[in-house]
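Undergrad: Sharing a model prediction with you, sequence too.
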Protein chains: 2
Amino acid sequence: MRACCAPHTPLFAPVGTQATVKALTPDQLEQLGAGLVLANAYHLYLRPGDQRVAELGGLHQFMQWPRPILTDSGGFQLFSLAEQRQVDQEGVTFRSHLDGSQHRITPERAIAIQENLGADIIMALDECPEPYDLEYNRLAMQRTHAWAERCVAAKQRQDQGLFGIVQGGVFPELRQQSAEFVAGLGTPGIAIGGLSVGETKSEMHSMLEVLDAALPGDRPRYLMGVGAPEDIVEAVMRGVDMFDSVLPTRLARNDAALTRSGRINVRTAALADDDRPLEPDCDCYTCTHFSRAYLRHLVVAREMLSATLLSIHNIRMLIRITTELREAIGEGTISSYADQFRAAFAEPVDLQ
Amino acid sequence: MRACCAPHTPLFAPVGTQATVKALTPDQLEQLGAGLVLANAYHLYLRPGDQRVAELGGLHQFMQWPRPILTDSGGFQLFSLAEQRQVDQEGVTFRSHLDGSQHRITPERAIAIQENLGADIIMALDECPEPYDLEYNRLAMQRTHAWAERCVAAKQRQDQGLFGIVQGGVFPELRQQSAEFVAGLGTPGIAIGGLSVGETKSEMHSMLEVLDAALPGDRPRYLMGVGAPEDIVEAVMRGVDMFDSVLPTRLARNDAALTRSGRINVRTAALADDDRPLEPDCDCYTCTHFSRAYLRHLVVAREMLSATLLSIHNIRMLIRITTELREAIGEGTISSYADQFRAAFAEPVDLQ
């Protein structure tokens, strides 16, 4: 483990897949302390179209988010959401999950789309396989490396930082090889893909330890798609700086709150007369105003406000944890912080 | 028409049926200038229960709305939403629209429920018939009068203002009679029920003119359930002070925006590249930040934020109109204001 290499890491980035963090205004996101927000090139390319976003002034103007934005290249979505996908050395041909229309994304196209969208941090196109097939992971890693080189070459805008992406499944030798290759590209940050995609927690931790040793210490390391509190703590202990996940907002829409002692099912009848806040020491708008009884009422009455208030709390919870981790790193107390966190935290029953 | 009789009227009250104005936080409601908010005794009696709300500190504490609250008695819902309804002289027996459970509401029970909820303004129990049956309207009016007397007698809390409700369908002689009776109760405000329930606009205007002449000028007049911009202007011209309606939030959830020149269907493809705000001169959060193109994107992508942003605009539009009407009354320019409003406004195609 090493001290964080950038002033504002570790950080958690809420996800605004379609240029909106679900159920929240930019004002609310700013108030809860969000810095970086993630948006998705695959979704925005299909709708409303990256060219349209460019003509409307770019993503910052379009979604009215004045702080940094990161766009995912679409690699993950091409391998999880798109239909009739065909991969070749040059790129990916697929049908839209929205209307079945046919599209083709190459590394050069992925960069052009992200240059149109205009985020501050953009991602190389990668191939994200399931984690256990050694031969497929080797092939996908090699393709990801070749595509990353083409992305670096295709990049034209000087005001965006491009991150390369490490792949390699659950195979230490592939992860080592991928870390060395991507580090050699000289990108200002390095993303870690292909984790939290079906492997065990223990396997994820092992891969992060391999990467912690293999990656350079002078550039931020971004663990893509990870955002459970317990995963953030363990990953920061293994040198990760940046996180994003739909988890806090998706849980909110499914009536669950994240707390230090685990997840709360806000629908449960036990909360009907509970006048306490979700988390007594939390400083978020939800916890400083509303009782568990009110939140439970909103959930039972199927009121949209429940998704908003639970999203505020859940995102704030992750931002507070990353802030505390940052302070603990600065004070050299990260190990005891992690021990305390683990002792208080109950493993969640998966509510997704 | 007469000058308004209370300092902050005419006013429009957004509706928080289930102790939440749909898709908005209390913070957002305060920011857009809402004063009075309406909640519904019928809904809150059934869920989460008025006794529970009382034990949790009352509605202000429960929903965290620090400004005035008005609760409807449930009369309207008993006659529009409840199932297997049986009315007698003593009260109403019905089955819940939620779970079919049987309940009975009397005038005394309606007051007790509203005293538990703890709003600032509460309503007498009334019977709200369809507007064209003379004999039924006469019967319902007489029952409404008898129930209003019992509500006045049953009321115990000194910190709540009870309004009587005028009924009488589209029949001038009934409306005249009801106005005189309700005025005689001496309640601090007088509500006008049984309008905007199927009659024509012309019939509504006629009834308001009858009531404008028949009602005392020293107490606010509250036209229940009316909130279309054109109806507000015409009703203020006929002496009405207070309005409530689900219209602005319901339209918002159905992708429609209220403007001075009529309604905008935000889903229409014509907005896809429109970088203007919904209404160029509007001061709301939505109009000062977001383009029509972005709002249309949210609607097409089925993002919850569209309901929030359109609700903010639609409610703010009605609050601005009532503020302008107040100023025009003060300046003696109400007739020319109304003429200008009518000239600009296009009759809406009903999108509900």
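TA: In hand now; what should we look at? Remember, it's a predicted structure, so these values are computed and weren't measured experimentally.
Undergrad: chain center to stretch A:298-310, what's the gap?
TA: Centroid separation between stretch A:298-310 and its chain, computed with C-alpha atoms, centre = their mean, to the nearest Å, is 24 Å.
Undergrad: Tell me the buried residues in that stretch?
TA: Residues A:Leu298, A:Val299, A:Val300, A:Ala301, A:Glu303, A:Met304, A:Leu305, A:Ser306, A:Ala307, A:Thr308, A:Leu309, A:Leu310 are the ones in stretch A:298-310 that count as buried (16 or more other C-beta atoms under 10 Å in any protein chain shown). Glycine gets a C-beta too; all of them are placed from N, C-alpha and C.
Undergrad: any idea how far A:Arg95 is from A:Ser101?
TA: Between A:Ser101 and A:Arg95 the computed distance is 7 Å (C-beta to C-beta, to the nearest Å).
Undergrad: The two - which one has more neighbours?
TA: Higher neighbour count among A:Ser101 and A:Arg95: A:Arg95, with 15 against 9, using other C-beta atoms under 10 Å in any protein chain shown.
Undergrad: Can you name the residues that contact the more buried one?
TA: A:Ala82, A:Glu83, A:Gln84, A:Ser101, A:Gln102, A:His103 (C-beta atoms under 8 Å, 6 or more residues apart in numbering or on different chains).
Undergrad: Pull up the gap between the first one and chain B, please.
TA: A:Ala82 is 17 Å from chain B, where distance means C-beta to the nearest C-beta, to the nearest Å.
Undergrad: how would you label the nearest residue to that residue once chain neighbours are set aside: helix, strand or coil?
TA: Nearest residue to A:Ala82 in three dimensions, chain neighbours excluded: A:Phe94, at 3.7 Å (C-beta to C-beta, 6 or more residues apart in numbering or on different chains). Assigned with DSSP: H, G, I helix; E, B strand; the rest coil, A:Phe94 falls in the strand class.
Undergrad: So for the host helix or strand of A:His103, what gets flagged as buried?
TA: Using DSSP states H and E, A:His103 sits in strand A:102-105. Buried residues in strand A:102-105, counting neighbours by 16+ other C-beta under 10 Å, are found at A:Ile105.
Undergrad: Check which element follows that strand along the chain.
TA: Counting by DSSP H and E, what follows strand A:102-105 is helix A:107-117.
Undergrad: average pLDDT for the following helix or strand past that next one?
TA: Per DSSP H and E, helix A:107-117 leads on to strand A:121-123 as the next helix or strand towards the C-terminus. The pLDDT scores in strand A:121-123 average 98.
Undergrad: likewise stretch A:26-34?
TA: Mean predicted confidence for stretch A:26-34 is 97.
Undergrad: Centre of the chain to it, how far?
TA: With C-alpha atoms, centre = their mean, you get 17 Å for stretch A:26-34.
Undergrad: Then stretch A:60-72?
TA: That offset, for stretch A:60-72, works out to 15 Å (C-alpha atoms, centre = their mean).
Undergrad: buried residues in it?
TA: For stretch A:60-72, by 16+ other C-beta under 10 Å, it's A:His60, A:Gln61, A:Phe62, A:Met63, A:Gln64, A:Trp65, A:Pro68, A:Ile69, A:Leu70, A:Thr71, A:Asp72.
Undergrad: right, is it up against chain B?
TA: Yes. Counting by C-beta under 8 Å from any C-beta of the partner chain, chain B is contacted by stretch A:60-72 at A:Phe62, A:Met63, A:Gln64.
Undergrad: outside of that stretch, which residues touch it?
TA: With C-beta under 8 Å, 6+ apart, stretch A:60-72 has contacts from A:13, A:16, A:19-20, A:26, A:29-30, A:34-42, A:44, A:53, A:56, A:59, A:114, A:117-123, A:224, A:244, B:289-291, B:293-294, B:297.
Undergrad: quick one on the thing from earlier: of the buried residues of stretch A:60-72, which belong to strands?
TA: Applying DSSP state E to the buried residues of stretch A:60-72, the entries found in strands are A:Ile69, A:Leu70, A:Thr71, A:Asp72.
Undergrad: now, which of these sits nearest chain B?
TA: A:Ile69 (14.4 Å; C-beta to the nearest C-beta).
Undergrad: What separation do you get for the nearest residue to that closest one once chain neighbours are set aside and B:His297?
TA: Sequence neighbours aside, A:Ala119 is the residue nearest to A:Ile69 in space, at 4.1 Å (criterion: C-beta to C-beta, 6+ apart). Note on A:Ala119: its distance to B:His297, by C-beta to C-beta, is 17 Å.
Undergrad: Same drill for those two, tell me which one is more crowded.
TA: For A:Ala119 and B:His297, the more surrounded residue by other C-beta under 10 Å is B:His297, and the numbers stand at 28 against 25.
Undergrad: So which residues make contact with the helix or strand containing A:Ala179?
TA: Using DSSP H and E, A:Ala179 maps to helix A:172-184. For helix A:172-184, contacts defined as C-beta under 8 Å, 6+ apart pick out A:134, A:137-138, A:141, A:144-145, A:148, A:164-169, A:190, A:206-207, A:210-211, A:214-216.
Undergrad: and if we set it to 7 Å?
TA: A:137-138, A:141, A:145, A:148, A:164-168, A:190, A:207, A:210-211, A:214-216 (C-beta atoms under 7 Å, 6 or more residues apart in numbering or on different chains).
Undergrad: Among the buried residues of stretch A:60-72, which one lies nearest to A:Gly186?
TA: Nearest to A:Gly186 among the buried residues of stretch A:60-72: A:Leu70, at 18.8 Å, using C-beta to C-beta.
Undergrad: Which residues of the stretch 201-350 of chain A lie near chain B?
TA: When proximity is defined as C-beta under 7 Å from any C-beta of the partner chain, the stretch 201-350 of chain A approaches chain B at A:272-273, A:275, A:285, A:289-291, A:293-294, A:297-298, A:300-301, A:303-305, A:307-308.
Undergrad: In helices, which of these fall?
TA: A:Tyr285, A:His289, A:Ala293, A:Tyr294, A:His297, A:Leu298, A:Val300, A:Leu305, A:Ala307, A:Thr308 (DSSP state H).
Undergrad: helix, strand or coil for the closest residue to the first one other than its chain neighbours?
TA: Read that as A:Tyr285. Once flanking residues are discounted, A:Tyr285 sits nearest to A:Ile312: 5.4 Å by C-beta to C-beta, 6+ apart. For A:Ile312, the assignment made with three-state DSSP gives helix.
Undergrad: Please apply the same query to the one 3 residues further on.
TA: For A:Ile315, the reduced secondary structure class is helix; criterion used: three-state DSSP.
Undergrad: these two touch, right, it and A:Ala13?
TA: No. Counting by C-beta atoms under 7 Å, A:Ile315 does not reach A:Ala13; the two are 9.8 Å apart.
Undergrad: beta partners for the most centrally placed residue in chain A?
TA: Centroid check for chain A by C-alpha atoms, centre = their mean gives A:Asp244 as the closest residue, at 1.8 Å. Judged by DSSP bridges, the bridge partners of A:Asp244 are A:Ala13.
Undergrad: which residues touch it?
TA: A:Ala13, A:Val15, A:Leu38, A:Met224, A:Gly225, A:Gly227 are the contacts of A:Asp244 under C-beta under 7 Å, 6+ apart.
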